[in-house]
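[1] Okay, here's the prediction I keep looking at, along with the sequence it came from:
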Amino acid sequence: MPDTIKGLHHVTALASSAARNNAFFTGTLGLRRVKKTVNFDAPDVYHLYYGDEAGTPGSVMTYFPFPHARRGRAGSGEVSTTAFAVPEGTLDAWEARLGEAGVPGLERVNTFGENRLLFQGPDGDGLALVEADDDRAPWTGNGIGADTALRGFHSVELRLRDTGPTADLLGLMGYQEECRQGNVTRFVLPAHNGAGTVDLAQVDAPQADQGAGSVHHIAFAVDDRAAQLQIRQALTEAGAQITPVIDRDYFWAIYFRSPGGVLFEIATNEPGFDRDEDLAHLGEALKLPQQHAHLRADLERRLEPLGD
Ligand code: ZN
């Protein structure tokens, strides 16, 4: 199945305050909110999507904010870091910007020869910016210039007690082991959408406890439904228990639990976030899937205002 998986599609995490989450990802990090909808399985909770101008797969960070959620506890069996690519030489500026915003956990490290700035999101989310030569067009509508703005995902790091079975799975998905540093092994797709790197860290730590700030699942991109069915069959033959194809309005999704405990999704690049609103106005109005359209008045009254 070489070249079926194109890289990350989106990363979905849990939050507490929707307004604080929105302010951080749009204001502090400068991403565009590309969709304001609800959790299709629990419509009284928002599903907020942040990315580049169009919400291009490989750039999209999404959140389910539960207003009174307690914080997650970091551990094994989870995504420990979600990293975004930024241009070479910009980490000093980013460190100053995040410092002025009171962002906790700022730390500069060098991993795999790349400069990385670690920091925490509003709920303790494990985030990083990595300097990279990345030609993806950034969103500049929130006041961060093209010479500095986020390009999309660089990579995710999964912290696992045993990385072996997940490494095998990534191999099946087309990833190739590129290098190792300490307890971390890097896997990269030979051809990808810019977000083609997954790092597996082997750790001896208790199981993570999911809560606000934890990643809920990571989605990998495929071009279309035909490619999705192809990979679904290959994964099923390899023993994975995979859901049927689910219509998420902006993509089609299948889900399965990876051997290390992290929930994986395979999502299509079609139809995209401009399916139900103009590109110029993405993310402004509350969009509801048809099955929840009758809840609009109630949801508009109950959902936390985002403050923008
Ligand atoms: Zn998803």
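    Yes, it's here. Numbering: from 1, shown residues only.

[2] pLDDT score for the residue in the stretch 1-150 of the chain that the ion sits nearest to?
    Distances between the stretch 1-150 of the chain and the ion by Cβ to the ion are smallest at T12, namely 4.6 Å. For every residue, glycine as well, the C-beta is placed using N, CA and C. What the model reports as pLDDT for T12 is 98.

[3] ok, how many other residues are close to D3?
    Neighbour count of D3, defined by other Cβ atoms under 10 Å: 13.

[4] how about the residue of the stretch 1-150 of the chain closest to the ion, what does it touch?
    T62, Y63, F64, V215, H216, H217, I218, A219 (Cβ atoms under 8 Å, 6 or more residues apart in numbering).

[5] That one should be in a strand, yeah?
    Yes. Under DSSP: H, G, I helix; E, B strand; the rest coil, T12 sits within a strand.

[6] For the remainder of this discussion, apply numbering that starts at 52.
    Right, with 52 as the first residue, what we last looked at is T63.

[7] beta partners for it?
    Per DSSP bridges, the residues bridged to T63 are T113, H268.

[8] returning to that earlier point: now, which of the contacts of T63 lie close to the ion?
    Subset of the contacts of T63 in contact with the ion: A270, counting by Cβ under 5 Å from the ion.

[9] Filter the contacts of T63 down to the buried ones.
    The neighbour-count test (16 or more other Cβ atoms under 10 Å) marks T113, Y114, F115, V266, H267, H268, I269, A270 as buried among the contacts of T63.

[10] Show the contacting residues for the fifth one.
    Looking back up the chat, that one is H267. With Cβ under 8 Å, 6+ apart, H267 has these contacts: T63, A64, L65, F115, Q261, L314.

[11] State the pLDDT value of it.
    pLDDT, H267: 98.

[12] ok, and the closest non-adjacent residue to it?
    For H267, ignoring the flanking residues on the chain, the nearest one in space by Cβ to Cβ, 6 or more residues apart in numbering is T63 at 4.8 Å.

[13] With L142 as the reference, measure out to the one you found.
    Separation of T63 from L142 (Cβ to Cβ, to the nearest Å) stands at 26 Å.

[14] Which residues of the stretch 52-201 of the chain lie near the ion?
    When proximity is defined by Cβ under 5 Å from the ion, the stretch 52-201 of the chain lies next to the ion at T63.

[15] which residues of the stretch 52-201 of the chain fall in helices?
    Applying DSSP state H, counting those that start in this stretch to the stretch 52-201 of the chain gives helices spanning 69-73, 142-151.

[16] would JSON lines of these with mean neighbour count and mean pLDDT be doable?
    Shown next, in JSON lines, are the helices of the stretch 52-201 of the chain (neighbours: other Cβ atoms under 10 Å; pLDDT from 0 to 100):
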{"stretch": "helix 69-73", "mean neighbour count": "21", "mean pLDDT": "98"}
{"stretch": "helix 142-151", "mean neighbour count": "15", "mean pLDDT": "98"}
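
[17] Could you name the helices and strands sitting against the host helix or strand of L221?
    Secondary structure from DSSP states H and E places L221 in helix 215-223. On a contact count with 3 or more Cβ pairs under 8 Å, 6 or more residues apart in numbering; DSSP states H and E, helix 215-223 meets strand 235-239, strand 248-253.
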